[in-house]
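# Model the following, please.
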Amino acid sequence: MDNRFAIHKPSKQASLMNPVALAYMGDAVYELLVRQYVLSQPNNKSHVMHKAATGLVSAKAQRATLERLLPYLTEEEEHVVKRGRNAKSGAPPKNADMIDYRHATAFECLIGYLYFEDRIERITELFRIGLGEPSAMNGKDEIDGGRS
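Down below sits the predicted model:
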């Protein structure tokens, strides 16, 4: 693993890690990406940034993002998502329903898995697709290896 941010390596391979642990890391990685994205926007007033960021990291928003990504995922990534969705991750927060929470956990599990697999470029691709950036979705066959 050559990930410059992974100073401490996990004790197991990503494929053997508990999906909740992957989601724990995926939550942090996604939050970092969202904050970078928000700071790239023209309005950097703190309340505007906070509202934009919380709108992207909520369980409901993460579920919607995952749904947008599903056609672009490889079989391996779909398997990771299913593991994350089926994981026993506890009760959802007060502001999220169980279905949104499970799908958000699945999304975060995927991000954590890709992070520990040092697939930063893939995380970037998926993040851009999740945001709906047209340039990220132009080469669907290139992104998912031609899978339909």
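# need the longest helix for this structure.
helix 19-40 (DSSP state H).
# for it, packing partners?
The contact analysis (3 or more C-beta pairs under 8 Å, 6 or more residues apart in numbering; DSSP states H and E) places helix 19-40 against helix 46-57, helix 75-86, helix 98-116, helix 120-131. Quick note: C-beta positions are derived from backbone N, CA and C, even for glycine.
# And for that helix, what's in contact with it?
With C-beta atoms under 8 Å, 6 or more residues apart in numbering as the test, helix 19-40 has contacts from 10, 14, 49, 52-53, 56-57, 62, 80, 83-84, 86-89, 105-113, 115-116, 123, 127, 131.
# same deal with stretch 81-96?
18-20, 22-23, 58-60, 66, 70, 73, 98, 100-110.
# So, low pLDDT: which residues of the chain?
Across the chain, the ranges flagged by pLDDT under 70 are 1-7, 92, 134-148.
# Tell me which residue of it is furthest from the middle?
residue 45 (25.4 Å; C-alpha atoms, centre = their mean).
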